[in-house]
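Undergrad: Attaching a predicted model along with its sequence, questions to come.
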Amino acid sequence: LSHGSPMLALTASPARDFLSGLAARLERPRAILVASAHWETRSPALSAPAVNETIYDFYGFPPELYAMTYPAPGAPALAARAAAMLAAAGLDATIDPARGLDHGAWSPLSLLYPAHDIPVAQIAMQTPRGPAHHLALGAALAGLRAEGVLIIGSGSFTHNLGRLRDPRQDAPAPPDVTAFAAWMDTALRANDRDALIAYRAKAPFASMQHPTEEHLLPLFVAMGAGGPAAKVERLHASASHGVLRMDAYAFQ
């Protein structure tokens, strides 16, 4: 899922409409594990509070956004299960018993499951380790899907905030944004994982869309969790303020 600006939770947009209707297309999960671009650690880590605190990891937004809360139950058992699965794959993980939900998690979840009654845990990104590492993280956790866990990668299909200048929600996407999104879509639908892992060298304008990688890496976690032969479906495609692509994919 692409979560875009924190204002996603409040501002009308095609992406917001999509997320508000997505839960109706999914089987209700027993628990949710979110790989969020907004939690970065040096080695794998999972969150496991009893109740999730709402983290406001942004500044300069309207008071209404800071008044929002998403006190979903924590998922300590899920965190422990995921840590064991990662360890079995040679990816030792720590568990943080205090970390709550950053906006990469609570903003889209507030639209998917506004009742905040499903237990949620997060898994952190190790950005310097790149796409292959995050694909392996997801692959190690693939078995959770059969246990009723919804695995979400929450980032942004394109994410260069230095280019975010047009205040119009429906501003047209520049050609380079469209070209990058089209290349990614073709590679994803073909399940061309070698090309996707090397997207930075192969995709047009890749470094312009992602000066840093943390917002694309959750996609690789979701892809890995879908399994090597996953059916890839594009669930949504739109742009916010022209330069933020809000595309979403399912791997199953």
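TA: Sure thing, it's come through. Numbers count the residues shown, from 1 in each chain.

Undergrad: Please point out which parts of stretch 19-29 sit buried.
TA: Neighbour-count burial for stretch 19-29 flags 19, 22-23, 29 (criterion: 16 or more other CB atoms under 10 Å). No exception for glycine: its C-beta is placed from N, CA and C like everyone else's.

Undergrad: Tell me which stretches of this structure form strands.
TA: 31-40, 45-47, 94-96, 120-125, 149-154, 232-236, 239-240, 244-245, 248-251 (DSSP state E).

Undergrad: ok, the nearest residue to Ser238 once chain neighbours are set aside - how many residues close by?
TA: The spatial neighbour of Ser238 that comes closest, neighbours along the chain excluded (CB to CB, 6 or more residues apart in numbering), is Pro14 at 4.1 Å. For Pro14, the number of neighbouring residues by other CB atoms under 10 Å comes to 15.

Undergrad: and what of Ser47?
TA: Counted by other CB under 10 Å, the residues lying close to Ser47 total 29.

Undergrad: measure it to Ala98 for me?
TA: Using CB to CB, to the nearest Å, Ser47 is found at 8 Å from Ala98.

Undergrad: Could you do Leu112 as well?
TA: Look at Leu112 and Ala98: by CB to CB, they are 24 Å apart.

Undergrad: which of those two has more neighbours?
TA: The residue with more neighbours, out of Leu112 and Ala98 and counting by other CB under 10 Å, is Leu112; that gives 19 against 10.

Undergrad: looking at the strands of the chain, which is buried most?
TA: Here the criterion is mean neighbour count by mean count of other CB atoms under 10 Å, and of the strands of the chain the winner is strand 120-125, at a mean of 28.

Undergrad: Now do that strand against strand 149-154, angle only.
TA: With axes from the mean of the first three to the mean of the last three CA atoms, to 10 degrees as the basis, strand 120-125 and strand 149-154 are set at 50 degrees to each other.

Undergrad: Counting by contacts, list what strand 120-125 packs against.
TA: When contacts are defined as 3 or more CB pairs under 8 Å, 6 or more residues apart in numbering; DSSP states H and E, strand 120-125 packs onto strand 31-40, strand 45-47, helix 76-88, helix 103-112, helix 217-225.

Undergrad: would JSON lines of those with distance to Asp57 and mean pLDDT be doable?
TA: Shown next, in JSON lines, are the helices and strands packed on strand 120-125 (distance: least, CB to CB, whole Å; pLDDT from 0 to 100):
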{"stretch": "strand 31-40", "distance to Asp57": "6", "mean pLDDT": "98"}
{"stretch": "strand 45-47", "distance to Asp57": "14", "mean pLDDT": "98"}
{"stretch": "helix 76-88", "distance to Asp57": "20", "mean pLDDT": "98"}
{"stretch": "helix 103-112", "distance to Asp57": "6", "mean pLDDT": "98"}
{"stretch": "helix 217-225", "distance to Asp57": "15", "mean pLDDT": "98"}
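
Undergrad: closest to Ile118 out of these?
TA: Shortest separation from Ile118 across the helices and strands packed on strand 120-125 is recorded for strand 31-40, at 5.6 Å, computed as CB to CB.

Undergrad: what are the pairing partners of that closest one, and which direction each?
TA: Partners of strand 31-40 in the sheet, by DSSP bridges, are strand 120-125 (parallel), strand 149-154 (parallel).

Undergrad: Same list, those, but as a markdown table with distance to Ala105 and mean pLDDT please.
TA: As requested, the strands paired with strand 31-40 are arranged in a markdown table below (distance: least, CB to CB, whole Å; pLDDT from 0 to 100):
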| stretch | distance to Ala105 | mean pLDDT |
| --- | --- | --- |
| strand 120-125 | 6 | 98 |
| strand 149-154 | 6 | 98 |
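
Undergrad: Tabulate those strands in a markdown table, adding columns for distance to Glu213.
TA: Formatted as a markdown table, those follow (distance: least, CB to CB, whole Å):
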| stretch | distance to Glu213 |
| --- | --- |
| strand 120-125 | 9 |
| strand 149-154 | 13 |
